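Engineer: Could you look at this predicted model? Sequence included:
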Amino acid sequence: VAGDDVTRQIVVGQDGFLYLVGSTAGSALHGTDGFAMKLAPTTGKKVWENFINSALTDGAYFVNAPDLVAVNVGWSSGSVASVDQINMSTGQMSRRVSYNPIPASPYNSIGPTTITGMATSTLGKSVYMTGTISASNAGQAFDAAWLVKFNFSSRSATPRIENVTGVEGSFTQSKRSSGIALDNSRSNVYWIRDISETFLSHL
């Protein structure tokens with residue numbers, strides 16, 4: 001086995017335990033897996049770990065622990081971005097929802113997507129996630145930014161995907177998502193993108 005293990009985010013949950021996510025290098029059979037871990041706050045000992053083995057290259061980027069029931073993990077594999085809702089006590093996944101951002105035409109190939117921001121509403125029922133997907137057109141590589149809302153309020157096995165913005169970016173103007181912030185008191189979502197005019201100058 002060769003490769004690096006990477007941790008991308010750590011948070012303190014409502015229960016006082018530590019939750020962290022990242023990616024771990026595995027065997028040739030499994031490739032790189034995303035993971036989530038729960039650690040005891042005083043001893044640092046592992047309580048549970050959850051591995052995400054979807055394809056040969058998976059990576060977990062963000063974790064939220066908004067209540068005493070579930071942990072939300074944002075991860076991606078190829079061009080698909082997903083949120084896993086994990087049982088806080090057992091570490092077992094209870095629900096998963098996935099989104100495949102597609103840039104506006106014209107494009108002739110789509111690359112991987114990365115997650116650059118994830119936030120959970122006050123009640124822990126809605127997860128907002130943003131990121132950047134790479135693509136190309138006529139040999140010109142570009143990036144496109146996306147923003148999506150996953151609604152976990154229903155009891156169905158598959159949470160709803162709502163309020164999807166258009167995937168912004170083209171081979172003449174790249175847009176990279178930089179992050180999001182929620183203002184729960186005003187029901188506002190703030191979304192920031194870095195923009196570069198591909199054929200002119202960088203802004």
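Structural biologist: Structure received.
Engineer: For the lowest-mean-pLDDT helix or strand in the chain, what is the distance to the chain centroid?
Structural biologist: Counting by mean pLDDT, DSSP states H and E, the chain has its least confident helix or strand at strand 160-162, which shows a mean of 88. Between the centre of strand 160-162 and the centre of its chain there are 15 Å (Cα atoms, centre = their mean, to the nearest Å).
Engineer: Now the element after it, going C-ward?
Structural biologist: strand 173-183 (DSSP states H and E).
Engineer: buried stuff in that next one?
Structural biologist: 173, 174, 175, 176, 177, 180, 182 (16 or more other Cβ atoms under 10 Å). All C-beta atoms are positioned from the backbone trio N, CA, C, and that covers glycine.
Engineer: can you check stretch 152-162 too?
Structural biologist: For stretch 152-162, by 16+ other Cβ under 10 Å, it's 152, 159.
Engineer: then it to PDB, C-alphas only?
Structural biologist: Presented in PDB, the C-alpha positions along stretch 152-162 are these (Å, rounded to 0.1, in the frame of the first residue of the first chain):
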ATOM      1  CA  PHE A 152     -33.400  15.800   5.000                       C
ATOM      2  CA  SER A 153     -36.700  16.800   6.700                       C
ATOM      3  CA  SER A 154     -38.800  14.000   5.200                       C
ATOM      4  CA  ARG A 155     -38.600  10.400   6.500                       C
ATOM      5  CA  SER A 156     -38.100   9.000   3.000                       C
ATOM      6  CA  ALA A 157     -35.000   7.000   2.300                       C
ATOM      7  CA  THR A 158     -34.000   9.500  -0.400                       C
ATOM      8  CA  PRO A 159     -33.800  13.200   0.700                       C
ATOM      9  CA  ARG A 160     -35.000  15.800  -1.700                       C
ATOM     10  CA  ILE A 161     -32.800  17.900  -3.900                       C
ATOM     11  CA  GLU A 162     -34.100  21.500  -3.900                       C
END
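Engineer: that older thread, for the least confident helix or strand of the chain, which strands pair with it and how are they oriented?
Structural biologist: Strand 160-162 pairs in its sheet with strand 140-151 (antiparallel), by DSSP bridges.
Engineer: does the residue minimising distance to the centre of the chain have beta-bridge partners, and which?
Structural biologist: In the chain, the C-alpha nearest the mean C-alpha coordinate belongs to residue 74, at 3.4 Å (Cα atoms, centre = their mean). When assigned by DSSP bridges, residue 74 has beta-bridge partners residue 62, residue 83.
Engineer: Show me where this protein has its strands.
Structural biologist: Per DSSP state E, the chain carries strands over the ranges 6-12, 18-25, 32-39, 46-52, 58-64, 70-77, 80-87, 93-99, 109-120, 126-137, 140-151, 160-162, 173-183, 188-197.
Engineer: Quick check: which of those strands is buried the most?
Structural biologist: Greatest average neighbour count among the strands of the chain goes to strand 70-77 (a mean of 26), per mean count of other Cβ atoms under 10 Å.
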